[in-house]
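J.: can you look at this prediction? I've put the sequence above it.
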There are 2 protein chains.
Amino acid sequence: MATTGTDMSRMREMNQLSIVWALRGNPPSTVTELAGRAGLSRPAVDVLVQALVTDGWAEVEEPGASSVVGRPARRFRFRATAGHALGIDIGVHKILVMVSDLEGDIVRTARRPVDPEAAPEARLAAVDSVIDEVLADAGMTPSDIWAVTVGVTGPVDATGRTTLFSPLPGWHTTDPAAHLATRFTCPVQVENDCKLAAVAERWKGVAQDADDIVFLLAGLRTGAGLILDGTLRRGHGGAAGEIGALKAVRWLTAPDHLESCPGVPATAGEAAAWVFQAAREGDRDAKTAVRRYARDLAIGVAALVLALDPQVVVYGGGFSRSADVILDPLRRELTKHCLRLPELRTSTLGDESVALGALRLALDEIDSRLLRDGLAAPTAPRG
Amino acid sequence: MATTGTDMSRMREMNQLSIVWALRGNPPSTVTELAGRAGLSRPAVDVLVQALVTDGWAEVEEPGASSVVGRPARRFRFRATAGHALGIDIGVHKILVMVSDLEGDIVRTARRPVDPEAAPEARLAAVDSVIDEVLADAGMTPSDIWAVTVGVTGPVDATGRTTLFSPLPGWHTTDPAAHLATRFTCPVQVENDCKLAAVAERWKGVAQDADDIVFLLAGLRTGAGLILDGTLRRGHGGAAGEIGALKAVRWLTAPDHLESCPGVPATAGEAAAWVFQAAREGDRDAKTAVRRYARDLAIGVAALVLALDPQVVVYGGGFSRSADVILDPLRRELTKHCLRLPELRTSTLGDESVALGALRLALDEIDSRLLRDGLAAPTAPRG
DNA sequence: AGGAATTAGTAAACTCCTCAGCATTATTGA
DNA sequence: TCAATAATGCTGAGGAGTTTACTAATTCCT
């Protein structure tokens, strides 16, 4: 515990930060409100917030028609557009890029499908062009971006690469952070897609109230992301949540029950989707297939639940559209295995969850820089 | 993030705390040394440390014969004996109580064997008498104790009870915290034994360098404690690490391979110990039994490793005495299952690990109270 | 229309903290 | 005994927040 000594300039910095925190995520506030929220006196807040305005961190809103008795107050609001963050999802089938302001409000989104077999260079070129599109649409240049986070499949090591394995062809030798560092001077972070989706569920999804979350990214591949005590757990080598690699956990083959379900027409684009729909309509074979899928899935989920004792398990990913037919069998299987059944919830963020989580991590990076370096003037940090 | 505003009295408090942090765990220090460590000016440290002395948090050491030229400096030292913490291990076979001062130096230890079948009342009475013994030996009264932590087997819920299950007969209805609260006015905390042992390994054991630890308490029962990002993870209901409850993880029956090993003499007190010794001496059947035990153990360990990606797995508990014959087969099994094999280390704390971990948690409780309430005068906090 | 009530903004006095610098004191070595 | 060295103690300067009091701008009520 390195509690470090504090002098007065540092104290002022801290108080200014606490004003920023009180400003953010709230409607435009009067000085009195801020004083209450930040635990400071009105005069102190006044001078601090003035300084924030001249530095460009806050904006004044002159008093309009007020409905309440007394002199109307000026209101101050955080200048969320002082900087922006970029969240990028490099998926197997698509690339999705989102820009948000400092409050996390999404300014622009762009997506583009990519060939699942595309080589790394082609994929990165596609990423570049989607970024260009988003920035152009938003009227920004790379220097307006203060932090970038990229989501990829496969466990991400400390250097930002997926050396262990990746379903993207040739991907384990490419370094997306280095690639993006040629375009952005700000910090660029790479993270696993399941982990990012978990972060997104806690930020804007169905697990906002929970501090201990197991997130399942369920589709033809199955993965997990863990949030414990409110923060994302990466593991020592960035490979936390990869329980699907255990043979006793049949996550790799679990979707096969759906693919090989008798009665799937050859014309069906996605066998899984067809099976879920059939099960929904009461088809006997389809229901069995789903039950088998749930049985195999449940072993790994139970292992995670028993190991971590989360409050919530969030079912996300491509299959979450069909959660209505999966969750009940899954719950039945889990009760067989677990001591205490956590809540089961279905993700509502769809396929935007990874990009959203990336955005959140980029915003966290910006925040931690503010806490570390204090707020000089709002400019893009250098990575 | 509730960054709260700071005025100067708060700043002084913080600086005083930072002096305490700089004093603790260091040899008696001069004002200049403290100034460097705390990042404050010499005069500031001087007045702060004076105040600490008058409040009873620190002690002066008048200069003795110095070997260096110049006026010899007074040295200040943290008054670790201002308060004490109690760590209690209520085991199946024994009760172990430890007292330490505020720096964590152990002042006194007392243990007593108990009948594994003893009723809760008898067990708690034994605990009481061991506590009495320790306090009497140390010349203390309950009011000298600032925090108490108790280790018990079985998952501990938020109320400090082991309602889910416990191998101690009748234990799931008893409330050890309430029992001890009749004797101590300070905070009393109950925690699972595996979790405490994990904490101990990071504090004084073989995992001091690691932030992500899976601790195995291996004996006739097997359990796990998890430390992630440097802090103990309890899970939402306090049941983290209970992966042994999964049927696919054969932790319950794993030791049976040892018990049922052919050739165990009926006279052997503990079959397991005999098998380990035989395996050490090259007995073929014994080696097979150990291998089978390791194989079953490895499934659960692999699940934890894959789920959490720890830096270190610590093998502790009663069987850790025989780690020399277990670790190799275990490692071989783990390489089959895991993506990346973490380090495997053997606990050296023996059967004191639970009480030590309890001590550490009690000390943490004291520290967090200091951070929260500041340091008034050193007195026992009320729970 | 005018005054009372209410709330916001502002300035001065005050307290508390840290810091820099200088004089003072204690010790060693020549 | 005297220089050199290093710790100590003191005083004044400066910064930051708080309190208090006063002024300004509204609305509500008579």
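T.: Okay, I see it.

J.: using PDB, write down the CA coordinates of stretch A:279-298.
T.: What follows is stretch A:279-298, C-alpha atoms only, in PDB (Å, rounded to 0.1, in the frame of the first residue of the first chain):
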ATOM      1  CA  ALA A 279     -37.600 -26.700 -31.000                       C
ATOM      2  CA  ARG A 280     -39.600 -23.600 -30.400                       C
ATOM      3  CA  GLU A 281     -42.400 -25.100 -32.500                       C
ATOM      4  CA  GLY A 282     -42.300 -28.300 -30.600                       C
ATOM      5  CA  ASP A 283     -40.300 -30.600 -32.900                       C
ATOM      6  CA  ARG A 284     -39.300 -33.600 -30.900                       C
ATOM      7  CA  ASP A 285     -35.900 -34.300 -32.500                       C
ATOM      8  CA  ALA A 286     -35.000 -30.600 -32.300                       C
ATOM      9  CA  LYS A 287     -35.900 -30.400 -28.700                       C
ATOM     10  CA  THR A 288     -33.600 -33.400 -28.000                       C
ATOM     11  CA  ALA A 289     -30.800 -31.800 -29.900                       C
ATOM     12  CA  VAL A 290     -31.100 -28.600 -27.900                       C
ATOM     13  CA  ARG A 291     -31.300 -30.600 -24.700                       C
ATOM     14  CA  ARG A 292     -28.100 -32.400 -25.600                       C
ATOM     15  CA  TYR A 293     -26.400 -29.100 -26.500                       C
ATOM     16  CA  ALA A 294     -27.500 -27.700 -23.100                       C
ATOM     17  CA  ARG A 295     -26.200 -30.700 -21.300                       C
ATOM     18  CA  ASP A 296     -22.800 -30.400 -22.800                       C
ATOM     19  CA  LEU A 297     -22.700 -26.600 -22.300                       C
ATOM     20  CA  ALA A 298     -23.800 -27.000 -18.700                       C
END
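
J.: near chain B at all, that stretch?
T.: No - no part of stretch A:279-298 sits near chain B under the criterion Cβ under 8 Å from any Cβ of the partner chain; the closest distance found is 10.4 Å. For the C-beta atoms, the positions are set from N, CA and C on the backbone; glycine is no exception.

J.: what about that stretch, average pLDDT?
T.: If you average the pLDDT over stretch A:279-298, you get 95.

J.: what segments of the stretch 1-150 of chain A are helices?
T.: A:8-23, A:31-38, A:42-55, A:120-138 (DSSP state H, counting those that start in this stretch).

J.: which strands and helices sit next to the last one?
T.: For helix A:120-138, the helices and strands in contact under the criterion 3 or more Cβ pairs under 8 Å, 6 or more residues apart in numbering or on different chains; DSSP states H and E are strand A:84-90, strand A:94-101, strand A:106-113, helix A:176-181.

J.: within the sheet, what are the partner strands of the second one, with directions?
T.: Read that as strand A:94-101. Paired strands of strand A:94-101, with direction, are strand A:84-90 (antiparallel), strand A:106-113 (antiparallel) (DSSP bridges).

J.: I figured A:Val31 hits A:Val60, correct?
T.: No - taking contact to mean Cβ atoms under 8 Å, the distance of 10.7 Å between A:Val31 and A:Val60 leaves them out of contact.

J.: and those two? which has more neighbours close in?
T.: Using other Cβ atoms under 10 Å in any protein chain shown, the more surrounded residue of A:Val31 and A:Val60 is A:Val31, with 20 against 13.

J.: need the contact list for the more buried one.
T.: Under the criterion of Cβ atoms under 8 Å, 6 or more residues apart in numbering or on different chains, the contact partners of A:Val31 comprise A:Arg42, A:Val45, A:Asp46, A:Val49, A:Ala73, A:Arg74, A:Phe76.

J.: which pLDDT value does the model give the closest residue to DNA strand C within the stretch 201-350 of chain A?
T.: Of all residues in the stretch 201-350 of chain A, A:Gln208 sits closest to DNA strand C, at 30.7 Å by Cβ to the nearest atom of the strand. Per-residue confidence at A:Gln208 stands at 98 (pLDDT).

J.: for it, what are its contacts?
T.: In this structure, A:Gln208 makes contact with A:Arg202, judged by Cβ under 8 Å, 6+ apart.

J.: how much space separates it from B:Asp193?
T.: With distances taken as Cβ to Cβ, to the nearest Å, A:Gln208 is found 34 Å from B:Asp193.

J.: need the helices of the stretch 1-150 of chain A in TSV (columns: distance to B:Leu341).
T.: Supplementary listing: the helices of the stretch 1-150 of chain A in TSV, determined by distance: least, Cβ to Cβ, whole Å:
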stretch	distance to B:Leu341
helix A:8-23	43
helix A:31-38	49
helix A:42-55	51
helix A:120-138	28
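
J.: possible to save the ones you listed as a markdown table with mean pLDDT and distance to B:Thr173?
T.: Written out in a markdown table, the entries for those read as follows (pLDDT from 0 to 100; distance: least, Cβ to Cβ, whole Å):
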| stretch | mean pLDDT | distance to B:Thr173 |
| --- | --- | --- |
| helix A:8-23 | 90 | 45 |
| helix A:31-38 | 92 | 45 |
| helix A:42-55 | 92 | 53 |
| helix A:120-138 | 96 | 59 |
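
J.: so where is chain A shaky, pLDDT-wise?
T.: Low-confidence regions of chain A, defined here as pLDDT under 70, cover residues A:1-5, A:65-67, A:268-269, A:377, A:380, A:382-383.

J.: which bits of it sit near DNA strand D?
T.: By Cβ under 7 Å from any atom of the strand, the part of chain A that sits against DNA strand D consists of A:8-9, A:11-12, A:15, A:40-44, A:47-48, A:63, A:65-72.

J.: which of the residues you listed are buried?
T.: Among the residues of chain A next to DNA strand D, those scoring as buried are A:Met11, A:Arg12, A:Asn15, A:Leu40, A:Ala44, A:Leu48 (criterion: 16 or more other Cβ atoms under 10 Å in any protein chain shown).

J.: closest to chain B among those?
T.: Comparing those against chain B with Cβ to the nearest Cβ picks out A:Leu40 as the nearest, at 3.9 Å.

J.: residues contacting the closest one?
T.: A:Leu40 neighbours (Cβ under 8 Å, 6+ apart): A:Asn15, A:Ser18, A:Ile19, A:Leu34, A:Leu48, B:Gly5, B:Asp7.

J.: now A:Val152. Its backbone dihedrals?
T.: phi -130, psi 160 (degrees, to the nearest 10).

J.: beta partners of it?
T.: Taking DSSP bridges, one obtains A:Asn192 as the residues bridged to A:Val152.

J.: my read: it touches A:Phe165, true?
T.: No - at 11.7 Å, A:Val152 does not count as touching A:Phe165 under the criterion of Cβ under 8 Å.

J.: what about those two, which has more around it?
T.: Shown here are A:Val152 and A:Phe165; by other Cβ under 10 Å, A:Val152 has more neighbours (28 against 14).

J.: name the nearest residue to A:Asp309, ignoring sequence neighbours.
T.: Closest residue to A:Asp309 in three dimensions, ignoring its sequence neighbours and counting by Cβ to Cβ, 6 or more residues apart in numbering or on different chains: B:Gly235, at 2.6 Å.

J.: what sits against the residue nearest to A:Ala51 when sequence neighbours are not counted?
T.: With sequence-adjacent residues excluded and distances taken as Cβ to Cβ, 6+ apart, A:Ala51 is closest to A:Gln16, at 6.8 Å. With contacts defined as Cβ under 8 Å, 6+ apart, A:Gln16 is in contact with A:Leu48, A:Ala51, A:Leu52, A:Gly374, A:Leu375.

J.: on that earlier part again, tell me the most buried of the helices and strands packed on helix A:120-138?
T.: Burial of the helices and strands packed on helix A:120-138 is given as mean neighbour count (mean count of other Cβ atoms under 10 Å in any protein chain shown); strand A:84-90 ranks first at a mean of 27.

J.: now the angle from it to helix A:120-138?
T.: Relative orientation of strand A:84-90 versus helix A:120-138 (axes from the mean of the first three to the mean of the last three Cα atoms, to 10 degrees): 150 degrees.
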